[in-house]
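Peer 1: Turn this into a structure:
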Amino acid sequence: MRHRTVTGPWQDGEPLNIGPGGAFLIGATWAIGTEVEVAVAASARPEPLVLGGVVRWTAGDGSADASAHAGEHAGLGGVGVQFLDLDLDVAIALNAHLAERAEEVARATGATRVRMRW
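Peer 2: Numbering: from 1, shown residues only. Okay, here's the model as predicted:
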């Protein structure tokens, strides 16, 4: 996965989790309100999905979102990004990609329910 502010260069990054509504990006240090783009390589598309969003919270900022995820993100710096205004075809492709990844993990582990974190 890659990410950037809308005016900055692309950086390689690691999400702790990602879903149709947003992602937690480990190590990103942008301020709340920063507009960003996240590029996700989806196997069914030749080009990455580029998802526009905004930083809604940062790890440890004391907000309700940060507090709700404190255990999940304990000791990790990063930001919570909310995806905004996704085109329908991009939203469908992202959901299909996430479902495909969950199925792969379930097959590999024998799990019947998978919570994706990558």
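Peer 1: So what touches the longest strand seen in the chain?
Peer 2: Of all the segments of type strand in the chain, defined by DSSP state E, the longest one is strand 49-58. Around strand 49-58, the neighbours that count as contacts under CB atoms under 8 Å, 6 or more residues apart in numbering are 6, 22-23, 28-42, 63, 65-66, 78-86, 90, 93-94, 97. All C-beta spots, glycine's among them, are computed from the backbone N, C-alpha and C.
Peer 1: where's the nearest residue to residue 95 once chain neighbours are set aside relative to residue 11, distance?
Peer 2: Leaving out its chain neighbours, the residue that sits closest to residue 95 by CB to CB, 6 or more residues apart in numbering is residue 20, at 5.6 Å. Using CB to CB, to the nearest Å, we find residue 20 at a distance of 23 Å from residue 11.
Peer 1: likewise residue 102?
Peer 2: For residue 102, the distance to residue 11 - CB to CB - is 26 Å.
Peer 1: mind listing what the spatially most central residue of the chain touches?
Peer 2: Of all residues in the chain, the one closest to the mean position by CA atoms, centre = their mean is residue 23, 2.5 Å from it. Counting by CB under 8 Å, 6+ apart, residue 23 makes contact with 15, 17, 38, 53, 80-81, 83.
Peer 1: same thing with residue 1?
Peer 2: 12-15, 18, 38-41.
Peer 1: how far away is it from residue 78?
Peer 2: 13 Å.
Peer 1: who touches both of those two?
Peer 2: Common neighbours of residue 1 and residue 78 (criterion: CB under 8 Å, 6+ apart): none identified.
Peer 1: picking that back up, how about the longest strand of the chain: buried residues?
Peer 2: Neighbour counts using 16 or more other CB atoms under 10 Å place 49, 51-58 of strand 49-58 among the buried residues.
Peer 1: With pLDDT added, can I get those in CSV?
Peer 2: Compiled in CSV, the buried residues of strand 49-58 are given as follows (pLDDT from 0 to 100):
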residue, pLDDT
49, 87
51, 91
52, 93
53, 95
54, 97
55, 95
56, 91
57, 87
58, 86
